[in-house]
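J.: here is my input; please provide its structure:
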Amino acid sequence: MKITNKQARQFLLRRHGLLGKHIFSGKAGIMEFINRMGSLQYDPVNICGRTADITLHSRIKDYKQSDLHELLYTDRKLVEYFDKCLNIFPVKFFSVLLREKNGGGYAAAYHHHGGTDVQKAMPIIREYIRENGHISPKEIKLGTNSEAFWGTSVSIGRATLESMYYTGEVIVHHRRGANKSYAFTKDYISQEILDIPMPYSTELERDVWHVKRRIAAFGLMWNKASDIFIGLKMKAAGRTAAFKKLIADGELFEITVEGINLPLYALATERAAMETILAEADDYPPRTEFIAPLDSFIWDRKLIHALFDFEYRWEIYTPEVKRKYGPYTLPILHEDKLIGRIDTARKDGMLVVNGIWMEDGKPLKGQVKKAVDKCLGRFSVFNMQ
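T.: Predicted coordinates:
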């Protein structure tokens, strides 16, 4: 199938619920979106909203952060654990990803660096959870002699709880701001889910399962090294074999996009959506959104650059003197183009705009300025929740 660059952009945006009218709303919409994409990346940094909340705000009509909180910690339909990095995903995937990740290597690191402290603290923490239901690191007064895997000193309580979290013994019971409380996994995730069999038995089947999920999370993919495959124990040969298997089984279809030398692939279940894009007139209602730094829509930044002619780098970990824009700069999506970026932060009960940079280098004006201002108004209300 041959398509234009614009058609590829519109297909990708439509799949992400970012083109035209909102198609998701409320808690049901959150679940529909996350089930569609498979996973939502989480990061605790909260300068103008956490990345998961910003991602949902850009898709869910009248999004409320309390809805995601309820789905995670009351309804337990979602869980936070490791997928690409730290992600939020449907609880049905928990057992599979837990067994595969085995703590993602983090638990072993905690045991290595703070081994004695962690081992001594575990029985104490288990007993506390049995008596109280859940526990936060601040409730454990065992000192700060444990060294975390990244080389910094942390409290023994935190090191122990995070070690238990990485291995799956505990899950996040709830969050209050940046503070997490943990509870026994078995008390909140059913045994039926914990006993779900692995969906693969060979290395090839494993790679196929993951490639298919990551393509679902992004929408379009090329068989090329990409940040979209972060977190997978997969080499280039394994990735290529997985693509060949999915194509042979009819689970992917190939797309040729003008200006891109490599073929792109989408899930076969999305062929009808692609054909709709090709058949429809270019009359989608205008829409403007701010895109989160870790939004799955920009997981493959090289492909985004190829499709949108937009280069994005999250500069939060870049030394200030080397930043080109700001620490938490968000791409601005207007209709089917990425037209610029905005850096905002909450300060004294208000949302402050630190800077806006347009791709064409020109000042905002006219209908585009009105659209960005309206989006900023919605974003301010979201940040004051």
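J.: residue 291 contacts residue 339, correct?
T.: No. Residue 291 is beyond contact range of residue 339, at 11.3 Å (criterion: C-beta atoms under 8 Å). From N, CA and C alone the C-beta is placed, and that goes for glycine too.
J.: what do these two both touch?
T.: With contacts taken as C-beta atoms under 8 Å, 6 or more residues apart in numbering, residue 291 and residue 339 have 332-333 as neighbours in common.
J.: of the two, give the one with the bigger neighbour count.
T.: Counted by other C-beta atoms under 10 Å, residue 291 and residue 339 do not tie: residue 291 has more neighbours, with 23 against 19.
J.: bridged to the residue nearest the centre of the chain, which residues?
T.: In the chain, the C-alpha nearest the mean C-alpha coordinate belongs to residue 41, at 1.8 Å (C-alpha atoms, centre = their mean). For residue 41, the beta-bridge partners are residue 87 (DSSP bridges).
J.: give the contact list for it.
T.: When contacts are counted by C-beta under 8 Å, 6+ apart, residue 41 touches 51-52, 55, 84-88, 294-296, 299.
J.: 10 Å instead, please
T.: The neighbours of residue 41, taking C-beta atoms under 10 Å, 6 or more residues apart in numbering as the test, are 51-52, 55, 83-89, 217, 230, 292-296, 299.
J.: any idea which strand is longest in this structure?
T.: Ranked by residue count and defined by DSSP state E, the top strand of the chain is strand 337-347.
J.: so which elements touch it?
T.: Applying 3 or more C-beta pairs under 10 Å, 6 or more residues apart in numbering; DSSP states H and E, we find strand 337-347 packed against helix 5-15, strand 288-290, helix 301-308, strand 329-334, strand 350-358, helix 366-383.
J.: select, out of those, the one closest to residue 165.
T.: Closest approach to residue 165 among the helices and strands packed on strand 337-347 (C-beta to C-beta): helix 366-383, 28.4 Å.
J.: can you name the residues in contact with the closest one?
T.: Applying C-beta under 10 Å, 6+ apart, the external contacts of helix 366-383 come out as 46-49, 53-54, 56-58, 62-65, 286-290, 330, 332-335, 339-340, 342, 344-346, 349-353, 356, 358, 362-364.
J.: which of those are buried? Put it as a PyMOL command.
T.: Per 16 or more other C-beta atoms under 10 Å, the buried members of the contacts of helix 366-383 correspond to this PyMOL selection:
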select buried, resi 47+48+49+53+54+56+57+58+63+64+65+287+288+289+290+330+332+333+334+335+339+340+342+344+351+356
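J.: which parts of stretch 68-87 are buried?
T.: Going by neighbour count (16+ other C-beta under 10 Å), the buried part of stretch 68-87 is 68, 70-73, 77-84, 86-87.
J.: count of residues packed around residue 191?
T.: Counted with other C-beta under 10 Å, residues neighbouring residue 191 total 8.
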